[in-house]
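Participant: sharing a sequence plus its predicted fold:
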Amino acid sequence: MTLPADLTCIGIDLAWSPARGNPSGVAVLAPGPRGLEVRELGCAVTDEEILGVVERHLTDHSVIMVDAPIRVPNATGRRRCENLVHARFGAREGGAHASNRTLFERLYGVVRGEQLVGRLAALRVHEGVLEAAVSGRHVYECYPHAAMLELFALPRTLKYKKKRQPWEEARAAFAEVLRHLAALRDPALVLEPALLDALAPGTSVGKAYKAKEDRADALLCAYLGALAVLGRMEMLGSVEEGHIVVPRAG
């Protein structure tokens with residue numbers, strides 16, 4: 001199956017808090033002669049800025065992938081989809097963070113992903129089963145760490161998120177992420193040399209490093225949208241109780 005010419009794939013690496021000024025990575029991919037081409041890539045802070053990117057690139061056939069919970073019905077504990085992700089990827093350090101309404105309301109006041117999906121509905125973008133991705137406008141929740149394990153055939157997750165490890169280790173892991181992204185095929189992800197240079201970690205730290213990382217995550221999210229159209233993703237959980245889509249094994 002080839003990708004439809006009118007398809008746009010939009011990836012959103014959504015910051016969980018809407019009020020702290022944390023940027024979200026946003027990427028837009030569309031089929032071109034050489035593969036999936038980058039139509040827009042950057043960071044947005046407010047929901048209005050994110051929706052602005054979406055509106056600029058929506059077609060009759062668009063798939064949006066969001067790295068953040070977009071439906072959280074449970075008051076406490078973990079969603080079933082998070083347990084399923086942990087069962088499949090936890091041994092390779094790819095388990096998902098727990099999410100519940102009590103946690104979100106205490107820390108952030110709202111479930112931002114739910115709010116965003118509610119506003120996307122006004123643009124005729126809806127949650128649905130993966131089989132629906134072959135046409136129309138749809139939004140799904142994804143998780144880059146689990147996706148990388150499958151797509152890149154990794155023994156464990158790459159530690160490119162700066163936490164306790166030295167900067168040199170984080171940057172080296174991030175450079176490996178970029179190498180894997182540039183090597184994606186079937187479909188190819190077209191990353192021009194200038195774009196790869198702009199994303200390269202170099203000696204960046206702090207917010208500058210985080211902005212590069214957010215954009216790379218958004219690129220992967222958008223790429224997963226194309227895989228959904230090609231029937232190469234599966235849904236863990238359900239639309240009603242919360243879901244996470246991951247690449248099919250093999």
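Facilitator: Perfect, thanks for sending it. Residues are numbered from 1 along each chain as shown.

Participant: ok, V125 touching V139?
Facilitator: Yes. If you go by C-beta atoms under 8 Å, V125 and V139 touch, sitting 5.3 Å apart. The way it works is simple: take the backbone N, C-alpha and C, and place the C-beta from them, glycine included.

Participant: more crowded one of the two?
Facilitator: The neighbour count for V125 versus V139, taken as other C-beta atoms under 10 Å, is higher for V139 (24 against 21).

Participant: nearest residue to that one in space, please, no chain neighbours.
Facilitator: I64 (4.3 Å; C-beta to C-beta, 6 or more residues apart in numbering).

Participant: specify the beta-bridge partners of that neighbour.
Facilitator: Assessed by DSSP bridges, I64 has beta-bridge partners I10, V139.

Participant: mind checking how far the residue nearest in space to the middle of the chain is from G206?
Facilitator: In the chain, the centroid-proximal residue (C-alpha atoms, centre = their mean) is C221; its distance is 3.1 Å. C221 is 23 Å from G206, where distance means C-beta to C-beta, to the nearest Å.

Participant: then P144?
Facilitator: 21 Å.

Participant: who's more crowded, these two?
Facilitator: P144 (23 against 9).

Participant: and that one, what does it touch?
Facilitator: Neighbouring residues of P144 by C-beta atoms under 8 Å, 6 or more residues apart in numbering: D13, D67, D217, L220, C221.

Participant: which one of those is nearest L196?
Facilitator: Using C-beta to C-beta, L220 is the member of those that lies nearest L196, at 14.3 Å.

Participant: with adjacent residues omitted, what lies nearest to that closest one?
Facilitator: L220 sits nearest to P144 (C-beta to C-beta, 6+ apart), 5.0 Å away.

Participant: hmm, A228 is touching V246, no?
Facilitator: No. Using C-beta under 8 Å, A228 is not in contact with V246, being 10.7 Å away.

Participant: ok, longest helix in the chain?
Facilitator: With secondary structure taken from DSSP state H, the chain has its longest helix at helix 206-229.

Participant: which SSE is immediately downstream of that one?
Facilitator: Using DSSP states H and E, the next helix or strand after helix 206-229 towards the C-terminus is strand 233-238.

Participant: show me what counts as buried in the lowest-mean-pLDDT helix or strand in the chain.
Facilitator: One helix or strand of the chain scores below all others by mean pLDDT, DSSP states H and E: helix 101-107, with a mean of 94. Across helix 101-107, burial judged by 16 or more other C-beta atoms under 10 Å covers R101, L103, F104.
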